[in-house]
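Q: what follows is a predicted protein model with its sequence.
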Amino acid sequence: GAVVSQHPSRVICKSGTSVKIECRSLDFQATTMFWYRQFPKQSLMLMATSNEGSKATYEQGVEKDKFLINHASLTLSTLTVTSAHPEDSSFYICSARVAGQLNQPQHFGDGTRLSIL
Amino acid sequence: QKEVEQDPGPLSVPEGAIVSLNCTYSNSAFQYFMWYRQYSRKGPELLMYTYSSGNKEDGRFTAQVDKSSKYISLFIRDSQPSDSATYLCAMNVRGAGGTSYGKLTFGQGTILTVHP
């Protein structure tokens, strides 16, 4: 149980393109999802907390207009990297927490490797 | 000073060895502790979760928490080559009203290689 699916797993696109990444909880409902960014050989850096039906909460230094987050349902959150540039190339990972189980840990997707040429 | 300190390694051990992975933390508000395993180019996979001091065992894995020393450990017995991965400790505070805030703070991760 508690499976999180992330799509796509790999994206290669040209500079200036906008890229949408989907995060789905397959067998549970998630009122809260989290978006992370991970650089090679480094730990996960929280970008934003996505709450179903409300605006996302962004961490300090993360541009809201650059990284658009939508959490329209209890099983889907999307991250859109707008007008992506090479410096946005990274590994993006989402996680979700089971709705109503606030003391339970987060479950992670398998990440999306984004490469901007 | 980082809130969570974890030795990045790399750590290399022979198959069958007992592996000890450790994290220290400075924020006494951390109440929930997790260990995740991350294979290359994959997302973290939850291994252990605990919220009390003491030991918790699951198969070959034992998680240990010492809140008085702000120190957590993960022990892997009879290590296998398939255990080769990056191990991340993570923790979060307990929010108001008895609910978990949910925002995780991660250690840097320890790269482990178990060679045959």
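A: Cool, the structure landed.
Q: where does chain B have low pLDDT?
A: Where chain B drops to pLDDT under 70, the residues are B:94-102.
Q: what is the neighbour count of residue 46?
A: Looking at chain A here, since you left the chain open. A count of nearby residues for residue A:46, using other Cβ atoms under 10 Å in any protein chain shown, gives 18. Just so you know, the C-beta spots here come from the backbone N, C-alpha and C atoms, and that holds for glycine as well.
Q: oops, chain B please
A: 17.
Q: can you tell me how far it is from chain A?
A: Distance, residue B:46 to chain A, by Cβ to the nearest Cβ, to the nearest Å: 6 Å.
Q: got a list of what residue A:105 touches?
A: Residue A:105 makes contact with A:97, B:32, B:34, B:46, B:49, B:90, according to Cβ atoms under 8 Å, 6 or more residues apart in numbering or on different chains.
Q: who wins for neighbours among those residues?
A: Counting by other Cβ under 10 Å, top hit in the contacts of residue A:105: residue B:90 with 26 neighbours.
Q: I figured it hits residue B:108, correct?
A: No: between residue B:90 and residue B:108 there is no contact, the gap being 11.3 Å when judged by Cβ atoms under 8 Å.
Q: what's the helix or strand for the residue nearest the centre of chain A?
A: Residue closest to the mean C-alpha point of chain A, counted by Cα atoms, centre = their mean, is residue A:35 at 3.5 Å. Per DSSP states H and E: residue A:35 is located in strand A:32-38.
Q: ditto for residue A:69
A: With DSSP H and E as the test, residue A:69 turns up in strand A:67-73.
Q: just residue A:16 next, same as before
A: Counting by DSSP H and E, residue A:16 is found in no helix or strand.
Q: any buried residues in the following helix or strand past the strand holding residue A:69, and which?
A: Remark: after strand A:67-73, the chain's next helix or strand is strand A:76-81, criterion DSSP H and E. In terms of neighbour count (16 or more other Cβ atoms under 10 Å in any protein chain shown), strand A:76-81 has its buried residues at A:76-79, A:81.
Q: what's the following helix or strand after strand A:76-81?
A: Sequence order places strand A:90-97 as the next helix or strand after strand A:76-81, per DSSP H and E.
Q: other SSEs contacting the helix or strand following that following strand?
A: Note on strand A:90-97: by DSSP H and E, the next helix or strand toward the C-terminus is strand A:107-108. Judged by 3 or more Cβ pairs under 8 Å, 6 or more residues apart in numbering or on different chains; DSSP states H and E, the packing partners of strand A:107-108 are strand A:90-97, strand B:45-50.
Q: quick one: these as JSON lines, columns for distance to residue B:14 too.
A: Formatted as JSON lines, the helices and strands packed on strand A:107-108 follow (distance: least, Cβ to Cβ, whole Å):
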{"stretch": "strand A:90-97", "distance to residue B:14": "30"}
{"stretch": "strand B:45-50", "distance to residue B:14": "21"}
